[in-house]
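Peer 1: Below: sequence and its predicted model.
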Amino acid sequence: MTVEQQTTPLRVHSVGSRLDRVDGIEKVTGRATYAVEHGESAGIVDPLHVWLVQSTVARGRVVGVDSRAALAHPDVVGVVDHTSSPRLADTDNGELAILQDAEVHFRGQIVALVLAETPEAAREGAALVEVSYDEEPHEAELREDNATHRPDSVNPDMDTDTDEGDVDAALADAAIVVEQSYRTAYEHNNPLEPHATTAWWTEEDGRDVLSMFDSSQGVHGVVQALAPMLALDPDQVRVRAPYVGGGFGSKGEAHAHVMAAALAARTTGGRPVRLAVTRQQMFALTGYRTATISHLRLGADADGRLTAIEHRVQEQTSRVREFAEQTGSPARMMYAAPHRRTSHRLAVLDVAVPSWMRAPGEMPGMYAHEVAMDELAVSCGVDPIELRIRNEPDTDPETGKPFNDRRLPDCLRRGAERFGWSSRPSEPRATRDGEWWVGTGVASATYPAMRMPGNAARVSALDGGRYAVGIGCVDIGTGARTVLTQIAADALGVPPDHVDLDIADTRLPPASVAGGSSGTSSWGSAIVAAAQRFRADHGDRPDAGVETTASAAADPAAEEYAFHSFGAVFAEARVHRWTGEIRVPRLLGAYSVGRVVNPVTARSQLVGGLVMGLSAGLFEESWRDPRFGHVVTQDLATYHVASHADVLDVDAEWLDEADELFTPMGSRGIGEIGIVGTAAAVANATHHATGVRVRSIPITADRFLE
Amino acid sequence: MEATIHLTVDGTDRSVDVDTRTTLLDALRERVGVTSPKKGCDHGQCGSCTVLLDGRRHLTCLAIAVAYDGAEIVTADGLGGADLHPVQQAFLDHDGFQCGYCTPGQVCSAVGAIDEAKQGRPSHVTDDLEADVQLTDDEIRERMSGNLCRCGAYPGILAAVREAAQG
Ligand code: FES
Ligand code: FES
């Protein structure tokens, strides 16, 4: 039974100090087992291999699946298509309801599955399956003239549009107006471990049970998505994810291949199946960030004080399942302005389903907003840091509530000092070092603090003063396994090595997804609640075997405040005067994120976000061919992510603080803020270096040669 | 078509039946059951499948297993014997990873890169091709650039390799 417990602030001992990753040795040796690496010791005996057959048209109907040649292959044991697939009880989720009808919604959709004794045979069998189509005209290109659909809400459940005051009148009266459009490219998350699932069906007490190892950011979420579609009760599906090779949002929800593994395994008479999505297939099947077009209008007085902010967003969704990125959301709360309007319009395309990618909304939205702010700073001749400080709101412009700590100015000042901002020439194109133009740029960062409902933790006493702590959350590389051990230790008042933490299994108490920078806040609060309740019920010397399961009660006092993290990102850019080559020798983020639970894993999280932001700013672009509807740059040779040689001096630091109103640990979440604003800081630095304003990312060398 | 090959993997002799199209990576992962080398791309684009093959770092996804009959393979799991290799300890000390999926490949690549520098092999950023190679930060970054880390742990990896190279 789960009880609700009001928490009190944690008395910190381990929290706030370094603890090496508790799973570090497993990772540096490669002994950590990811989703398709489980063998006999985990009950995976003699698995079959599944290969996906994907549609080669962007829209239409499958009129025939000829599997004779594939089935003639000696090692192919089965082909599943829409005529032979097990039926689903619920097909509302158009992304997951695969192989239920002949419709093709996008190029790359799963149209058949091949099961074989070896991966080589499965792949060969997939190539032997002949699929014929009735092709229909499709639309796969995002343009300003087709992004007109108004969604009911934007991710996760925000207002589509907002309108406050009289933006048009304020812009007409403004001394200074910045009116520009900014674009961000399609981006694919590309965690280094491709999505993968091991699945098998058994019968337990006369009921079917589906078990999986899945590369997922939230095992309980996979159960919630799959169980009703398979007409199973939640306890008939067990999902585990002991190690996950990154996700960055793309493993936040189950994608179609997870259902493919479940359906394929249904046909094997109990033999497990392994389904490893290839890097190329990921570009069609496992989510991505929509390209965005941001139309920004900023109105200000001569001193740069904003009177109006308008952020109109155009982006895309897929016809088969709607996902609307909340790109305009940061403009609703970032700066003070009496007149403000935001909107989101979508092109509804016959394309793969977009989804979460690290800081959905904030990443593309703050890129556009913060480049526009830089343009405003130039227009009114105010230092970019001073401009931002001048536009600090007293209360949250979106809700009217006071912020519980809004320390953006502290971040800007602290970062400026360490970065050496004061020696910056105010004019662009002022510094040349040999063949390189040199400049610096700054941008603000923000991310909402989120605590998810539906979390509980279990504390049990073991022998010898040790405790088992269980919660069904996932460590996708964030360090959750380590920081939750620290939180549990402090909450129980024992050293971290007295805690056996168990995670990543749906047999453990429920936990929300590792997403929205909410993990530590949500899971940690549940652990503190369970530990505090455990001590209240069982005292300091409990008998081995007693246990408590609890969730954290919401704190009504927290309702009165707006909770956001803030940061300031500083970049130095060098642009080669003849080739346009761009290098970023320095990148620094200064953050206000509440209390940092573990400085080592936190630095890695923030630096990792900065690196991904740098990567978005300079390299990442998925190129879709509108004629065929697929992404052409579908591997790591053509979809460039930052490599070691691209990453020079990158560092992060944070303010010493604790937000104990938000969580008992005082932490607010750090997974996403590092990517926010980073591409803008880089873009602003390239402008300062060259005087050339590039209004789209990635910024490539050719843009400086025009 | 199947063939039988012999490999030494982390000190253990293995005889493996492979399809002649099987990569060394799949032979290790699917047939021998050694999953320390990871499959990040299967196309030679990420480095996660790196092992030491007859003493040198090598991408196993770009190697056809039948061509390596008799080879000696050391994965990250076998680098240090019962202990950790100093490069692995340095990765732990500098938190040179997050999710861990690129890490066995990074570690093997770092061991190989340090050895190549000791042998005086130049890289793209080596100025003086005659002199001894100094593993400067730029040299380390260049030599490790075949190993992508999507978690962005490059600063930690750099610090780890720098320390291990000096040690
Ligand atoms: S798996 Fe071999 S280089 Fe990526
Ligand atoms: S640690 Fe995750 S990809 Fe390098």
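Peer 2: Structure received. Residues are numbered from 1 along each chain as shown, chains lettered A, B, ... in the order given. Ligands and ions are numbered 1, 2, ... in the order given.
Peer 1: who in chain B is up against ligand 2?
Peer 2: B:97-103, B:149-151, B:153 (C-beta under 6 Å from any ligand atom). For glycine as for every other residue, the C-beta is placed from the backbone atoms N, C-alpha and C.
Peer 1: Now do the domain split for the chain, please.
Peer 2: As the question left the chain open, I've gone with chain A. A:2-32+A:454-553, A:396-450+A:558-706 (automatic domain parsing).
Peer 1: Wait, chain B was what I had in mind.
Peer 2: Using automatic domain parsing, chain B is parsed into the domains B:2-78, B:86-166.
Peer 1: residues contacting the one residue in chain A that gets nearest to ligand 1?
Peer 2: Ligand 1 sits closest to A:Leu636 of chain A, with a gap of 7.4 Å, by C-beta to the nearest ligand atom. Contacts of A:Leu636 were listed using C-beta atoms under 8 Å, 6 or more residues apart in numbering or on different chains, and they are A:190, A:279, B:40-41, B:43, B:45-46, B:148.
Peer 1: Ligand 1 next: which of those are close?
Peer 2: Within those, those near ligand 1 by C-beta under 6 Å from any ligand atom are B:40-41, B:45-46.
Peer 1: What subset of these is buried?
Peer 2: Buried by 16 or more other C-beta atoms under 10 Å in any protein chain shown: B:40-41, B:45-46, out of those.
Peer 1: Going by proximity to ligand 2, name the top residue of chain A.
Peer 2: A:Leu192 (3.6 Å).
Peer 1: What does the pLDDT read for the residue of chain A closest to ligand 1?
Peer 2: Note on A:Leu636: pLDDT of 98.
Peer 1: distance of the closest residue to it other than its chain neighbours from A:Thr638?
Peer 2: Distance criterion C-beta to C-beta, 6 or more residues apart in numbering or on different chains; nearest residue to A:Leu636, sequence neighbours excluded, is B:Gln45 at 4.0 Å. B:Gln45 sits 9 Å away from A:Thr638, going by C-beta to C-beta, to the nearest Å.
Peer 1: Please report the number of neighbouring residues for residue 30.
Peer 2: Using chain A here. 28 (other C-beta atoms under 10 Å in any protein chain shown).
Peer 1: hm, I was asking about chain B
Peer 2: Using other C-beta under 10 Å, the number of residues around B:Glu30 comes to 22.
Peer 1: Skipping adjacent residues, who's closest to it in space?
Peer 2: Closest to B:Glu30 by C-beta to C-beta, 6+ apart is A:Pro119, at 5.9 Å.
Peer 1: Can you give me the distance of the residue of chain A positioned farthest from its centre to A:Val273?
Peer 2: The outermost residue of chain A relative to its centre, with distances by C-alpha atoms, centre = their mean, is A:Ala72 at 42.7 Å. Relative to A:Val273, A:Ala72 is positioned 21 Å away (C-beta to C-beta).
Peer 1: One more: A:Asp702?
Peer 2: Going from A:Asp702 to A:Val273 by C-beta to C-beta gives 46 Å.
Peer 1: what do you get for A:Arg107?
Peer 2: 25 Å.
Peer 1: ok, now A:Arg574?
Peer 2: A:Arg574 is 51 Å from A:Val273, by C-beta to C-beta.
Peer 1: quick one: contacts for the closest residue to B:Met1 other than its chain neighbours?
Peer 2: In space, and not counting its chain neighbours, B:Met1 is closest to B:Thr20: 4.8 Å by C-beta to C-beta, 6+ apart. Contact partners of B:Thr20, counting by C-beta under 8 Å, 6+ apart, are B:1-3, B:64, B:66.
Peer 1: Which of those residues are buried, as a ChimeraX select command?
Peer 2: Buried residues among the contacts of B:Thr20 (16+ other C-beta under 10 Å), as a ChimeraX selection:
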select /B:66
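Peer 1: could the contacts of B:Thr20 go into CSV alongside distance to ligand 1?
Peer 2: Shown next, in CSV, are the contacts of B:Thr20 (distance: C-beta to the nearest ligand atom, whole Å):
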residue, distance to ligand 1
B:Met1, 23
B:Glu2, 23
B:Ala3, 22
B:Ile64, 13
B:Val66, 18
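Peer 1: For the contacts of B:Thr20, give me TSV that also has secondary structure and pLDDT.
Peer 2: As requested, the contacts of B:Thr20 are exported to TSV (DSSP: H, G, I helix; E, B strand; the rest coil; pLDDT from 0 to 100):
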residue	secondary structure	pLDDT
B:Met1	coil	86
B:Glu2	strand	91
B:Ala3	strand	96
B:Ile64	strand	97
B:Val66	helix	97
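Peer 1: Give me the phi and psi angles of the nearest residue to A:His105 once chain neighbours are set aside.
Peer 2: Leaving aside its chain neighbours, A:His105 sits nearest to A:Val320 (3.8 Å; criterion: C-beta to C-beta, 6+ apart). Main-chain torsions, A:Val320, degrees, to the nearest 10: phi -80, psi -30.
Peer 1: Could you pull up the residues touching A:Val320?
Peer 2: A:94-95, A:105-106, A:353.
Peer 1: and if you look at A:Ala568?
Peer 2: Counted by C-beta under 8 Å, 6+ apart, A:Ala568 has contacts A:385, A:408, A:411-412, A:414-416, A:442-445, A:589-590, A:677.
Peer 1: and which of those residues is nearest to A:Ala456?
Peer 2: Closest approach between the contacts of A:Ala568 and A:Ala456, by C-beta to C-beta: A:Ala445, at 31.9 Å.
Peer 1: Against A:Ala488, how distant is that closest one?
Peer 2: 30 Å.
Peer 1: So the two - more neighbours on which side?
Peer 2: A:Ala445 (34 against 28).
Peer 1: Contact residues of chain B facing ligand 1?
Peer 2: Contacts of chain B with ligand 1, taken as C-beta under 6 Å from any ligand atom, map to B:39-42, B:44-49, B:59, B:61.
Peer 1: Need the three-state assignment for A:Gly365.
Peer 2: What DSSP: H, G, I helix; E, B strand; the rest coil gives for A:Gly365 is helix.
Peer 1: How about A:Ile699?
Peer 2: Per three-state DSSP, A:Ile699 ends up coil.
Peer 1: Would you mind giving me the confidence score for it?
Peer 2: 98.
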